[in-house]
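A.B. asks: Requesting a structural model of the entry that follows:
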Amino acid sequence: MKYNTRTFVLSHMARDGENRDKLSLREWCAVYLNGDGFGKITDEYASEHCYDWSHVRDSSLEGFKSMAAMLLGILRHKHAIAQVTKLIGEFDSAVAEGREPTVRRAEWIIISDDEHGMALLSPMDE
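C.D. replies: Below is the predicted model of the structure:
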């Protein structure tokens, strides 16, 4: 599926969106608050109105851009955490098997990959 800003957000926010399972409830609520279907709202207001779906659906293009920016931030963070978890697992496996780890834990840093817009991990230069 080819995404534009609106379809990207809806694929994560709609109850039946193909990527709905990628967000926790807390993350979904954070994205929701960036919409503007009801204007700028607070978490308290959203909670009182049971996070009414029309706030997302009726958002302006600017509201969808704001939700998309929040969503991308969340997804990048999750990707970085997954990468760290993978590297820690590889490190621990090497140690458990008596192999020399290729990277020491203290050397891992997060860098930005401009081409993909993702947070990646790289060993620090010695």
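A.B. asks: going forward, measure contacts between C-alpha atoms and count neighbours the same way
C.D. replies: Noted.
A.B. asks: State the distance from residue 71 to residue 64.
C.D. replies: Using CA to CA, to the nearest Å, one gets 10 Å for the distance from residue 71 to residue 64.
A.B. asks: Next, the buried residues of the lengthiest helix in the chain.
C.D. replies: If you go by DSSP state H, the chain has its longest helix at helix 61-96. Buried positions in helix 61-96, judged by neighbour count with 16 or more other CA atoms under 10 Å: 63-76, 78, 80-81, 83-84, 87-88, 91.
A.B. asks: likewise stretch 38-53?
C.D. replies: Within stretch 38-53, judged by 16+ other CA under 10 Å, the buried ones are 46, 51.
A.B. asks: low-confidence ranges in the chain?
C.D. replies: Within the chain, the segments meeting pLDDT under 70 span 1-3, 103-126.
A.B. asks: In this protein, which residue sits furthest out from the middle?
C.D. replies: For the chain, the largest distance from the centre (CA atoms, centre = their mean) belongs to residue 98, which lies 35.4 Å off.
A.B. asks: State the distance from residue 30 to residue 47.
C.D. replies: Separation of residue 30 from residue 47 (CA to CA): 12 Å.
A.B. asks: With residue 94 instead?
C.D. replies: Distance of residue 94 to residue 47, given as CA to CA: 47 Å.
A.B. asks: just residue 27 next, same as before
C.D. replies: Distance from residue 27 to residue 47, by CA to CA: 14 Å.
A.B. asks: What of residue 60?
C.D. replies: Taking CA to CA, one finds residue 60 at 21 Å from residue 47.
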